[in-house]
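> Provided below for reference: sequence and predicted model.
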Amino acid sequence: MTTTIVDTSGRHESLREFLIASGIGIRCVNCNATNLSRPNITLYTSKCGHDECDNCLAQLYERRATIPCRFATCQEMLKKTDFRIKEFQSGNVHKEMLVREELSKIYCMTFDDFGGDAARYDAYLEEIENIIFNLVNDVDLDATKAKVLAYKNKHSILIDSK
């Protein structure tokens, strides 16, 4: 079975542009190399959800330990350890995985920590999902990060014990 992809929007001048815009071709934010232009490229996704290729990462972190994200509007300060090999086509899926991993270290309460109160535990889980949504979709970032930091400071003893 063959799948045909058609761009009816008229916004893309080439098939390559269309594939990249649709998420089929993934682009390095620094050098604009894609998995279409360099088939053996290894792409890494930062904790902020932006992609860099293996060549750019090697060059960028050769002389400095921390640099701002190369995506024009982001500027999140990143270390080389803030990147993971890109496993999914969609940057948001990968970004959500990273956000969930980081938050699981902070929001680590279990049902037993709520004394069996299902309603309180459900509200806690719902709050975590709202935080994940905000961080992944860049909604109220400053307020959300402040909320996470306040929770982390308030529950540091519990977090350290888990």
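Done, it's in.
> mind checking the pLDDT average for stretch 135-143?
For stretch 135-143, mean pLDDT is 89.
> which of the residues in that stretch are buried?
For stretch 135-143, burial by neighbour count (16 or more other CB atoms under 10 Å) applies to 135-136. C-beta: built from backbone N, CA, C; applies to glycine.
> go on, stretch 58-68?
Within stretch 58-68, the residues that count as buried by 16+ other CB under 10 Å are residue 61.
> show residues contacting it.
Contacts to stretch 58-68, defined as CB atoms under 8 Å, 6 or more residues apart in numbering, come from residues 30, 52, 70, 74-80.
> how about the residues you listed in JSON lines, adding distance to residue 59, pLDDT and secondary structure?
Shown next, in JSON lines, are the contacts of stretch 58-68 (distance: CB to CB, whole Å; pLDDT from 0 to 100; DSSP: H, G, I helix; E, B strand; the rest coil):
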{"residue": "30", "distance to residue 59": "9", "pLDDT": "84", "secondary structure": "coil"}
{"residue": "52", "distance to residue 59": "10", "pLDDT": "87", "secondary structure": "strand"}
{"residue": "70", "distance to residue 59": "11", "pLDDT": "81", "secondary structure": "coil"}
{"residue": "74", "distance to residue 59": "19", "pLDDT": "82", "secondary structure": "coil"}
{"residue": "75", "distance to residue 59": "19", "pLDDT": "80", "secondary structure": "coil"}
{"residue": "76", "distance to residue 59": "19", "pLDDT": "85", "secondary structure": "coil"}
{"residue": "77", "distance to residue 59": "18", "pLDDT": "90", "secondary structure": "strand"}
{"residue": "78", "distance to residue 59": "14", "pLDDT": "90", "secondary structure": "strand"}
{"residue": "79", "distance to residue 59": "15", "pLDDT": "90", "secondary structure": "strand"}
{"residue": "80", "distance to residue 59": "11", "pLDDT": "87", "secondary structure": "helix"}
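> which parts of this protein are helices?
15-21, 54-60, 91-106, 118-136, 141-154, 156-161 (DSSP state H).
> quickly, which of these bottoms out on average pLDDT?
helix 15-21 (a mean of 51).
> thanks a lot, catch you later.
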